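Undergrad: give me a model of this one.
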Amino acid sequence: ADMSRFPTAAHLASWAGMCPGNHESAGKHHGGATRKGDSWLRGALGEAASAASRTNNTYLQTRYRRLAGRRGKKRALVAVGHSILIATWHMITNGVGYHDLGPAHFLTRGDPTRHTRRLVAQLH
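TA: Now for the predicted structure:
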C-alpha cells in the first residue's frame with residue numbers, strides 16, 4: 001500500500017475521521033465531535049475496537065478499560081479505534097509487524113520511584 005499520501009499518522013487519522021475533536025473558545029479547550037471521515041473505514045475500526053476491547057491481557061483492552069470508566073464506552077471505543085489506526089499506519093509505513101505493548105504498559109511507562117511513592121501514599 002502506498003502511504004505517501006499521509007505523511008504522518010495524524011494525517012491518516014484526520015482523513016479517516018478518527019481524530020479527537022477540538023473546540024477552542026475564549027482560550028478554553030473543549031472536546032468536540034469527531035469529523036465525518038470515510039464511513040467504511042470508521043465502521044471497520046469500530047468493529048475492530050469492539051473486538052479488541054474484549055480480548056484478554058492486551059494493551060488495547062487496558063486502554064479501553066481505563067478510558068471507559070472516565071469518559072464512557074463509546075468514546076473509549078473511538079480512542080481504541082484511533083490507536084488501531086495509528087498502529088496500522090506505523091506497520092505499513094515501516095514494514096514491521098504488530099507488537100503489543102502489554103496490559104502493564106500504563107503502569108511501567110513512567111518513573112518507578114514516583115509510582116512507588118504514589119502507591120505508598122495511596123495506602124496511607
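Undergrad: pull the lengthiest helix in the chain out as CSV, backbone CA atoms only.
TA: In terms of residue count, the longest helix belonging to the chain (DSSP state H) is helix 73-94. C-alpha atoms of helix 73-94 as CSV (Å, rounded to 0.1, in the frame of the first residue of the first chain):
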residue,chain,number,x,y,z
LYS,A,73,-17.9,3.3,26.5
LYS,A,74,-18.4,4.9,23.1
ARG,A,75,-15.6,7.5,23.5
ALA,A,76,-13.3,4.7,24.6
LEU,A,77,-14.2,2.7,21.5
VAL,A,78,-13.3,5.6,19.3
ALA,A,79,-10.0,6.1,21.1
VAL,A,80,-9.2,2.4,20.7
GLY,A,81,-10.1,2.6,17.0
HIS,A,82,-7.7,5.6,16.8
SER,A,83,-4.9,3.5,18.4
ILE,A,84,-5.5,0.7,15.9
LEU,A,85,-5.3,3.1,13.0
ILE,A,86,-2.1,4.7,14.3
ALA,A,87,-0.5,1.3,14.8
THR,A,88,-1.6,0.2,11.3
TRP,A,89,0.0,3.3,9.8
HIS,A,90,3.3,2.6,11.5
MET,A,91,3.2,-1.1,10.5
ILE,A,92,2.6,-0.2,6.8
THR,A,93,5.0,2.7,6.7
ASN,A,94,7.9,1.0,8.5
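Undergrad: so what touches that helix?
TA: 1, 3, 6, 9, 12-13, 16, 18-20, 34, 42, 45-46, 48-50, 52-53, 60, 63-65, 67-68, 71, 96-98 (CB atoms under 8 Å, 6 or more residues apart in numbering). C-beta coordinates here come from the backbone N, C-alpha and C atoms, glycine included.
Undergrad: and the gap between the most centrally placed residue in the chain and Val96?
TA: The C-alpha lying nearest the average C-alpha coordinate of the chain belongs to Ser83 (CA atoms, centre = their mean; 3.4 Å). According to CB to CB, to the nearest Å, Ser83 and Val96 sit 16 Å apart.
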